[in-house]
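Participant: The following block contains a protein sequence and its predicted model.
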Amino acid sequence: MTEVAQYVINWLALGSIYALLALGIAIVFSLLGLINFAHGELVTVGGYTMVVLAIWDVPWALIIPLSIAAAAVAAVLMERVAYRPLRGAHVATTLLGSLALSVVIQNLFLMFAGARPEAIPFPSWTQDTFEVAGIVIRTLDVLTFATTVVLLSAVLLFLRRSARGIALRAAAENFDVTRLMGVRANALIRGAFALSGLLAGVAAFFFLATAALVSPTTGFVPLLKGFIAAVIGGLGSLSGAVLGGFVLAGLEVSFQATLPEGASPFIDAFVFGIVIIVLFIRPHGLRAERSALVERA
Amino acid sequence: MPSILTQLKRWSSRRPPDGREPSGDALIHLEAITARYGSTVAVRDVDLTVKPGEVVAILGANGAGKTSTLKAIVGMIDVSGGRIVYAGEDITGLSPERIVERGISLTPEGREVFGSLTTRENLRVGAGINGQREYPQRLEEALTLFPVLQDKLDVFGGLLSGGEQQQLAIARSLMSDPELLLLDEPSLGLAPIVVERVFELIEQLRARGTTLILAEQNVERALRVADRAYVFSTGRVELEGESAELRETGDVERAFLGLGVENGS
């Protein structure tokens, strides 16, 4: 019983991180039909920002918001420098552009920070645990889940209540008509990238806290997980992305719990196998209300 | 995107801000505009003038260039020749957002309401990011003009009937309080009784003093509501004149079919 509870906690914490990453990818995709393969690099940006600020002895109470802001700024810069010139280009062009951007950023980190992983001196409380009814709980896991719930609620409220949020949803459905309402396309897209970067920045803290290391290729795993979660949920759908994050984490944790020890290196293979089956049954994902890819082709 | 050269030509032809355009008493004036989708010319050498408070119809068959003309006015397609002067300012080549800010609003063909947004949210987007302070008041005005939307405020746009969607689309365009409203085929695909309602609304808008350009295939009905009309065929203006005159002569039908007009005004 305690073991099951333990796995549930792992699932919620991991699912939260995947949900944050997937939502960021889905927000940009729903608006532009663009898969930002450099989304993982936002996590790397967050990580290196933490390293640099920690070297300067900046307190963590400041490092956390600053690293999140750095990821958001990086996302806005990506849009301005790499994606805006490609606006209106063929899908294949933006896809390649997005992959290229990811490689370019990785190599910039390689040049300026080196290939060796840098340690992030996370504060000691991130490793704290406490015990409830015999279940050992990591403080960080609770914080991860709580932060995600708060953040997702805030994003939901923003999308439902604020004029900008409603305009963002309108633009995700029909970009040209939204511009006809006098809503500035560039401001809207910049906002979407900033939001996606902010979510990646928050995810970066929780994702990196476990290994406490950052290297130029750190972004690959968060990108892969976020992308798969978004695909499971149905790429255009925001609620689907969140759902996809928890489904993906659920699969990973349950395979971890049930597969024999020797099979643990193959967990990803099992998980992706299930994902393929899911997509075979529901090719547009769990929550796709429309096929965004077809609509934009 | 227009080429750099085209942009330069436009900038150089744009009058200084203090020197208002000599466009007479016109609210909008299209001067020999040519507009295209990529390399396909959709509209060629179109001259069109609308005075404040006027209702002007653009008539023509499918593919005659009606929608393209409206899209060119709001900057949704590239104008490669000629210029568009609105309220004394050259607006050629401005982005749709900037053009809407200046007081022009387009209700697109096929209504294009946001299906995943409620009626209320559709109207709120219509007010624009900068119009949020005026939003409550304009919402009230819109509901007075479109009482059918009152009970549908929390219904998703995609679930409304065709007639309701058309009214929502027009109401949404009015939320930015435009001086010039462009209506693209507002009667298309609607039941006859709903078509009547739409034309009644156009009458009401005219009574409020809104200047209107109405693209229509329903010639008879459009000519009854419009002061003047332009008949388009294959991207050109084939015929223009006062509605009353056009209704008497049989020229509209000939122009409609691109057969040419012997005694056009």
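Facilitator: Noted; the coordinates are in hand.

Participant: can you map out the helices along the chain?
Facilitator: No chain in the question, so chain A it is. Along chain A, the stretches classed as helices by DSSP state H are A:2-32, A:39-55, A:60-78, A:91-113, A:139-161, A:163-173, A:175-180, A:185-211, A:220-233, A:238-258, A:267-281, A:292-296.

Participant: hm, I was asking about chain B
Facilitator: Remark: helices assigned in chain B by DSSP H are B:4-13, B:66-73, B:96-101, B:119-126, B:135-145, B:162-174, B:192-207, B:219-225, B:243-248, B:251-256.

Participant: Go through the fifth one and flag the buried ones.
Facilitator: Translated: helix B:135-145. B:135, B:138-139, B:141-143, B:145 (16 or more other C-beta atoms under 10 Å in any protein chain shown). Just so you know, the C-beta spots here come from the backbone N, C-alpha and C atoms, and that holds for glycine as well.

Participant: cool, and stretch B:108-118?
Facilitator: By 16+ other C-beta under 10 Å, the buried positions in stretch B:108-118 come out as B:108-109, B:111-115, B:117-118.

Participant: ok, the nearest residue to residue A:12 once chain neighbours are set aside - contacts?
Facilitator: Once flanking residues are discounted, residue A:12 sits nearest to residue A:145: 4.7 Å by C-beta to C-beta, 6 or more residues apart in numbering or on different chains. Contact partners of residue A:145, counting by C-beta atoms under 8 Å, 6 or more residues apart in numbering or on different chains, are A:12-13, A:16.

Participant: per-residue confidence for residue B:95?
Facilitator: At residue B:95, the pLDDT value in this model is 92.

Participant: typo on my end, residue B:21
Facilitator: pLDDT, residue B:21: 46.

Participant: swap in residue A:94?
Facilitator: Reading off the confidence values, residue A:94 has pLDDT 90.

Participant: and what of residue B:103?
Facilitator: 93.

Participant: Can you give me the neighbour number for the nearest residue to it once chain neighbours are set aside?
Facilitator: What sits nearest to residue B:103 in space, not counting adjacent residues and going by C-beta to C-beta, 6+ apart, is residue B:179, at 3.9 Å. Residue B:179: 18 surrounding residues under other C-beta atoms under 10 Å in any protein chain shown.

Participant: rewinding a little: include pLDDT and distance to residue B:230 when you put the buried residues of stretch B:108-118 into JSON lines, please.
Facilitator: Output for the buried residues of stretch B:108-118, formatted as JSON lines (pLDDT from 0 to 100; distance: C-beta to C-beta, whole Å):
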{"residue": "B:108", "pLDDT": "94", "distance to residue B:230": "19"}
{"residue": "B:109", "pLDDT": "91", "distance to residue B:230": "17"}
{"residue": "B:111", "pLDDT": "89", "distance to residue B:230": "23"}
{"residue": "B:112", "pLDDT": "93", "distance to residue B:230": "24"}
{"residue": "B:113", "pLDDT": "95", "distance to residue B:230": "28"}
{"residue": "B:114", "pLDDT": "95", "distance to residue B:230": "31"}
{"residue": "B:115", "pLDDT": "93", "distance to residue B:230": "33"}
{"residue": "B:117", "pLDDT": "94", "distance to residue B:230": "34"}
{"residue": "B:118", "pLDDT": "95", "distance to residue B:230": "37"}
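
Participant: List, one by one, the residues from chain B near chain A.
Facilitator: Within reach of chain A by C-beta under 8 Å from any C-beta of the partner chain, chain B has these residues: B:1, B:74, B:76, B:95-97, B:100-101, B:105-106, B:108, B:112, B:114-117, B:121-122, B:124-132, B:135, B:172, B:175-176.
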